[in-house]
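# Fold the following.
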Amino acid sequence: MTDATEAWDHECDVLVVGSGNAGLVAALAARHFGLDVLVIEKADRYGGSSALSGGGVWVPNNPVNVRAGVRDTREKARQYLKAIIGDRVPEGRIDAYLDYGPEMIQFLEEHTHARYMRVPGYSDYHPEEPGGDPQGRTMEPVPFDTRKLGDDADGLNRQDVMKPPGGLCITTVDYRQLTQIMRTWTGRLGAARVGARTVVSKVTGRRLVSLGAAGVARLRLSLREAGIPLWLSTPLDELIVRDDAVVGVRATRDGASITIRAKRAVVLASGGFEHNDEMRRKYQSEPITTKWTSGAKSNTGDGINAGLAVGGTVDLMDDAWWGPTVMMGPVPFFLLAERSLPGAIVVNGAGQRYVNEAAPYVNFVHSMYEGQETGVDHIPSYLIFDQRYRNRYPFSIVPPRRPIPQKWIDAGIVKVGATLDDLAGKIGVPADTLRSTVDRYNSLVEGGRDLDFGKGDSAYDRYYGDPSISPNPCLAPVDRGPFYAAALWPGDLGTKGGLVCDERSRVLRADGSPIPGLYASGNVTASVMGNEYPGPGGTLGPAMTFGYIAAKDIAGKL
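Now for the predicted structure:
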């Protein structure tokens, strides 16, 4: 924290720290309301974790779904959020999210290049709870041709986490269908559509991106056309305070320390602390490491620590947007469909099942850590599947019926055993227990119901199941060798704890009073979702909404 007494190197009305969805929406809204805006970004690429994500946006009663004929109401969504979140989050924050989320989407549609499309049938994560929707509330970005960005296309954050192989442009809808390429005509038609799109792009020279990259790219084009400067490689060093109000920041640019005055406010949208090993060990449960996260490498908690230094307070620091993850060498692979597809189970270090394999990913990892707390070793766990599974479904980037790459086997990423006993020896679990676990699971498959853990009972489980299998699209026996195992670790898409904010996105002190001039949105804040995850896009939806709310409040439009 620095007291502002020196001359400023740069001035603006609103300074936004971070260039993910939260920061870009805040910047675009503030500019629309007539304010002079600057965005600074620590990394040498823009987009942060938003650009690496699946790009889903969960906003109840949003205009895209309304036009698609979805019947949703604010009251129904509020009932759902209260059912899953409980009293963990102030009701004012939940109400603000529900009130301004649809308005935020309408603003983007009317004043920016952001375009979204419904993801039909992608269920809320807890559809059986009051107000839950088994048909889902999620939308995703329409694919975008990055040629429209010109030279700015090279600055888009595109790491290995969600980048499709071979230059393919794959949407969330495509991904689900591609898992069924060997099983259904819908899957084959989906593959044909992806192939045709790829051919057209190669012929015409289009450079299509999808998922989170498309969402960020569309916002980046909008930022440029709005005349909002974006300074890359400009990390925040500290907030500058005068008379107990935040009036600017000290940052580093071109190797020199600079000061930037924010005449109206600073908006922190700098992401979480998933790549800060010291913070993870301080706040979160062991075992923990920065190696398992799929979040942007620049997310080291800078904004959180800057907010703490000026009197802010934090919450939910022990939690994250967890998900079971396979380490592909140094690169984490976040498992989605693989756990729900029939013919796979998850066992712990004792060779026993302990969780619904198809459970929402945050809840799955909560179960992993709960085992550690009771003295049962669930970390790592193992995804076990057989040759029938491999013949029918993809695993990671390997299509069905293709052999697991030998380099994966040599590196120990995937273990292979001719028999279950052989596999048990290779992963270090008791062979008799693993055999007993598989026998029990196979007996449940015969009855069509997982009486032990409920795999396939939820509409969410069934979204990634095999619709050609009845009565339970998530169940098939594990009985055809060879058998395979991949170690699962408690990875994440980013942390979900951070600065405590009110319903106007203002950062709060421990006594509940707002810090004048300081706002925040996204993973730099304590999530409005508490310890839960309502549905696909439950990270980006609130991040964008509270960025929009911050801009409205700063401009006096709230």
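# Which parts of this protein belong to which domain?
With domains defined by automatic domain parsing, the chain comprises 1-164+210-319+496-558, 322-491.
# so which of those domains is the most packed in?
Mean neighbour count (mean count of other Cβ atoms under 10 Å) peaks for domain 1-164+210-319+496-558 among the domains of the chain, with a mean of 21. Every residue, glycine included, has its C-beta placed from N, CA and C.
# Check the offset of it from the chain's centre.
Centroid displacement of domain 1-164+210-319+496-558 relative to its chain, using Cα atoms, centre = their mean, to the nearest Å, is 12 Å.
# before we move on, the earlier item: format the domains of the chain as JSON lines; extra columns: distance to R183 and mean pLDDT.
Listed next are those as JSON lines, based on distance: least, Cβ to Cβ, whole Å; pLDDT from 0 to 100:
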{"stretch": "domain 1-164+210-319+496-558", "distance to R183": "17", "mean pLDDT": "96"}
{"stretch": "domain 322-491", "distance to R183": "5", "mean pLDDT": "97"}
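# So for G187, which of these sits nearest?
Within the domains of the chain, the stretch nearest G187 is domain 322-491; the backing value is 9.3 Å (Cβ to Cβ).
# Between its first and last residues, how far does that closest one reach?
6 Å (Cα to Cα, to the nearest Å).
# from now on call the first residue 56
Will do, 56 is the new start, and the previous item becomes domain 377-546.
# Wasn't K612 part of a helix?
No. K612: not assigned to a helix; according to DSSP: H, G, I helix; E, B strand; the rest coil it is coil.
# tell me the contacts of the nearest residue to it once chain neighbours are set aside?
Nearest residue to K612, sequence neighbours excluded (Cβ to Cβ, 6 or more residues apart in numbering): F88, at 5.6 Å. The contact partners of F88, taken as Cβ atoms under 8 Å, 6 or more residues apart in numbering, are 606-607, 609-610, 612.
# mind putting those residues in a markdown table, distance to K137 included?
Below are the contacts of F88 laid out as a markdown table (distance: Cβ to Cβ, whole Å):
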| residue | distance to K137 |
| --- | --- |
| A606 | 27 |
| K607 | 25 |
| I609 | 29 |
| A610 | 30 |
| K612 | 28 |
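# Ok, which of the domains of the chain comes nearest A246?
domain 377-546 (9.5 Å).
# Break down the stretch 56-205 of the chain into its strands, ranges please.
Listed in chain order, the strands of the stretch 56-205 of the chain (DSSP state E, counting those that start in this stretch) span 57-58, 65-72, 92-95, 112-113, 171-173, 193-196, 199-200.
# do the stretch 206-355 of the chain as well
263-264, 285-286, 291-297, 300-308, 311-323.
# for the helix or strand where A540 lies, packing partners?
Assessed by DSSP states H and E, A540 sits inside strand 538-550. Helices and strands touching strand 538-550, by 3 or more Cβ pairs under 8 Å, 6 or more residues apart in numbering; DSSP states H and E, are strand 375-383, strand 386-389, helix 416-428, strand 436-441, helix 442-447, strand 469-472, helix 475-482.
# Which SSE is immediately downstream of that strand?
Counting by DSSP H and E, the next helix or strand C-terminal to strand 538-550 is strand 553-554.
# And that next one, what does it pack against?
When contacts are defined as 3+ Cβ pairs under 8 Å, 6+ apart, strand 553-554 packs onto helix 357-364, strand 369-370.
# so can I have CSV of those showing distance to G426?
Shown next, in CSV, are these (distance: least, Cβ to Cβ, whole Å):
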stretch, distance to G426
helix 357-364, 29
strand 369-370, 25
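# Between the ones you listed, which one is closest to E130.
Smallest distance to E130 across those (Cβ to Cβ): 26.8 Å, for strand 369-370.
# What strands line up against the closest one, and which way round?
Strand 369-370 pairs in its sheet with strand 553-554 (antiparallel), by DSSP bridges.
# ok, residues contacting the partner strand?
Residues contacting strand 553-554 (Cβ under 8 Å, 6+ apart): 323, 327-328, 358-359, 362-363, 367-372, 562-563, 575, 578-582.
# cutoff 6 Å now
With contacts defined as Cβ atoms under 6 Å, 6 or more residues apart in numbering, strand 553-554 is touched by 359, 362, 367, 369, 562, 575, 579-581.
# What is the helix or strand following it packed up against?
Per DSSP H and E, the first helix or strand lying C-terminal to strand 553-554 is strand 561-563. Using 3 or more Cβ pairs under 6 Å, 6 or more residues apart in numbering; DSSP states H and E, the elements in contact with strand 561-563 are strand 569-575.
# Can you give the strand pairings for the strand it packs on, parallel or anti for each?
strand 311-323 (parallel), strand 561-563 (antiparallel).
# and the angle from it to strand 291-297?
Per axes from the mean of the first three to the mean of the last three Cα atoms, to 10 degrees, the angle that strand 569-575 makes with strand 291-297 is 150 degrees.
# what's the following helix or strand after strand 569-575?
Downstream of strand 569-575, the next assigned helix or strand under DSSP H and E is helix 595-609.
# got the CA coordinates for that following helix in CSV?
Provided in CSV are the C-alpha atoms of helix 595-609 (Å, rounded to 0.1, in the frame of the first residue of the first chain):
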residue,chain,number,x,y,z
LEU,A,595,-17.9,-17.2,-15.8
GLY,A,596,-21.6,-16.2,-15.4
PRO,A,597,-21.1,-14.5,-12.0
ALA,A,598,-17.7,-13.1,-13.0
MET,A,599,-19.2,-11.3,-15.9
THR,A,600,-22.3,-10.2,-14.0
PHE,A,601,-20.4,-8.7,-11.1
GLY,A,602,-18.0,-7.0,-13.5
TYR,A,603,-21.0,-5.4,-15.2
ILE,A,604,-22.5,-4.4,-11.8
ALA,A,605,-19.2,-2.8,-10.8
ALA,A,606,-19.2,-0.7,-13.9
LYS,A,607,-22.8,0.4,-13.4
ASP,A,608,-22.1,1.4,-9.8
ILE,A,609,-18.9,3.3,-10.6
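# what's next to it, contact-wise?
By Cβ under 6 Å, 6+ apart, helix 595-609 touches 69, 76-77, 80-81, 84-85, 112-114, 152, 155-156, 159, 319-320, 322, 559-560, 574, 576-577, 583, 613.
# Name the residue closest to the centre of this protein, please.
Nearest to the geometric centre of the chain sits L548, at 4.8 Å (Cα atoms, centre = their mean).
# Go ahead and confirm that one touches A351.
No. Between L548 and A351 there is no contact, the gap being 10.1 Å when judged by Cβ atoms under 6 Å.
# Spit out the residues that contact those two alike.
Common contacts of L548 and A351, defined by Cβ under 6 Å, 6+ apart, are absent altogether.
# Does I315 touch G303 like I think?
Yes. I315 is in contact with G303 according to Cβ under 6 Å; the separation is 5.3 Å.
# Please, where are all the helices along the stretch 206-355 of the chain?
Secondary structure of the stretch 206-355 of the chain, counting by DSSP state H, counting those that start in this stretch: helices at 227-233, 240-259, 266-280, 332-338.
# Dump the ones you listed into a markdown table; add distance to R457 as well.
Putting the helices of the stretch 206-355 of the chain into a markdown table (distance: least, Cβ to Cβ, whole Å) gives the following:
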| stretch | distance to R457 |
| --- | --- |
| helix 227-233 | 13 |
| helix 240-259 | 14 |
| helix 266-280 | 23 |
| helix 332-338 | 36 |
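# out of these, nearest to D292?
Nearest to D292, of all those, is helix 332-338, at 17.2 Å by Cβ to Cβ.
# Which residues does the closest one contact?
Counting by Cβ under 6 Å, 6+ apart, 328, 343, 345, 356, 372-373 sit against helix 332-338.
# just those now: which is nearest R262?
R262 has its nearest neighbour among these in T345, at 31.4 Å by Cβ to Cβ.
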